[in-house]
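> Model the structure of this input:
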Amino acid sequence: MDALIRPMTPADVPEAERLSDEAFTPMAEPGMSTSRTPTQQAEWSQRAAHLVGTDPGGCWVAERDGAMVGFATSFRRDLTWFLATYAVQPDLQGQGLGRALLDAALTHARGCLRGMLSSSRDPKAFRRYRLAGFTLHPQMFLVGRVDRTAIPVLEHVRDGNESDFALLDSLDRRCRDAAHGPDHAVLLAQNRLVVVDRPSGSGYAYIGEHGKPAVVCASSRKVAGLLLWEAVASAPPDGDLTIPHITAANEWAIDVGLAAGLAVHTAGYLAVRGMKPPAPYLHHGALL
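Numbering: from 1, shown residues only. Below you'll find the model as predicted:
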């Protein structure tokens, strides 16, 4: 492997976005997005630039002859390490670049008790994560046209804002052992935030374009289901809704999706080290 592994800089983000789209499109599941829209490209770049700023020690690039051929972005929150995204140019996979990039990113995990990442179905990536000590849990996703007659009356759900971040971080620590911290500002910039904050239970959800939930986190399955129904109700009446990143630990989400008339499929893995799959929790693909 005759490649230079170096820290990622903000100037690398546009090329990393292009490379990641090229690498991930062949791995897309039926019903899931493939090539990114301009809005999705901008949001991907915003997240990557954010992580280069907060965690420069976790973001790395592989170069050959001055051209980017791979990269990895990772970050630490509390005592948990997260791999946000990781890609190698498709025609150069299998040459050791991916292993070298993952090893570089894992140096940022020193001192962390836990680790978490969302993986595609790529068998080469599966092997690398397993050899790095991760347990891989199959993920499911729901997709289809919403049966709007099934949507219940939704009480106690309100719009959230920056003043809720302390509540959100406390829920994060309860569900996944680590707060999102500075990542909430990016999530809020890219999604609608809804919150339930009641004596009987609390939770939050970030809801993206077409009702697609970006994160759901709650103190109970009942509250998580209420928040997911809010996302379902946000779906356009004339288009499909996708609910991604569901593990077997979160069957409450499957129940909501089936009640709404959606179909269930499998897609990739949630990989965890030193922890169980978070629940009740639907994770973000990159900010987890």
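
> Specify the helix with the largest residue count in the protein.
Longest helix of the chain, by residue count under DSSP state H: helix 38-54.

> got the CA positions of it in CSV?
Output of helix 38-54 as CSV, limited to C-alpha atoms (Å, rounded to 0.1, in the frame of the first residue of the first chain):
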residue,chain,number,x,y,z
PRO,A,38,-27.5,18.9,-3.9
THR,A,39,-29.2,19.4,-0.5
GLN,A,40,-27.9,16.1,0.7
GLN,A,41,-24.4,16.9,-0.6
ALA,A,42,-24.4,20.2,1.3
GLU,A,43,-25.6,18.5,4.5
TRP,A,44,-23.0,15.7,4.2
SER,A,45,-20.3,18.4,3.8
GLN,A,46,-21.6,20.4,6.8
ARG,A,47,-21.4,17.3,9.0
ALA,A,48,-17.9,16.4,7.8
ALA,A,49,-16.6,19.9,8.3
HIS,A,50,-18.1,20.0,11.7
LEU,A,51,-16.2,16.8,12.7
VAL,A,52,-12.9,18.0,11.3
GLY,A,53,-13.4,21.1,13.5
THR,A,54,-14.4,19.2,16.7
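
> A62 pairs with what?
When assigned by DSSP bridges, A62 has beta-bridge partners I5, G70.

> check contacts around it.
3-5, 68-71, 88, 97, 100-101 (C-beta atoms under 8 Å, 6 or more residues apart in numbering). Using the backbone N, CA and C atoms, a C-beta is placed for each residue, glycine as well.

> Dump those to a markdown table, plus distance to D197 and pLDDT.
Converted to a markdown table, the contacts of A62 look like this (distance: C-beta to C-beta, whole Å; pLDDT from 0 to 100):
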| residue | distance to D197 | pLDDT |
| --- | --- | --- |
| A3 | 49 | 85 |
| L4 | 49 | 93 |
| I5 | 45 | 94 |
| M68 | 44 | 96 |
| V69 | 47 | 95 |
| G70 | 43 | 95 |
| F71 | 39 | 97 |
| V88 | 43 | 92 |
| L97 | 46 | 89 |
| A100 | 45 | 93 |
| L101 | 41 | 94 |
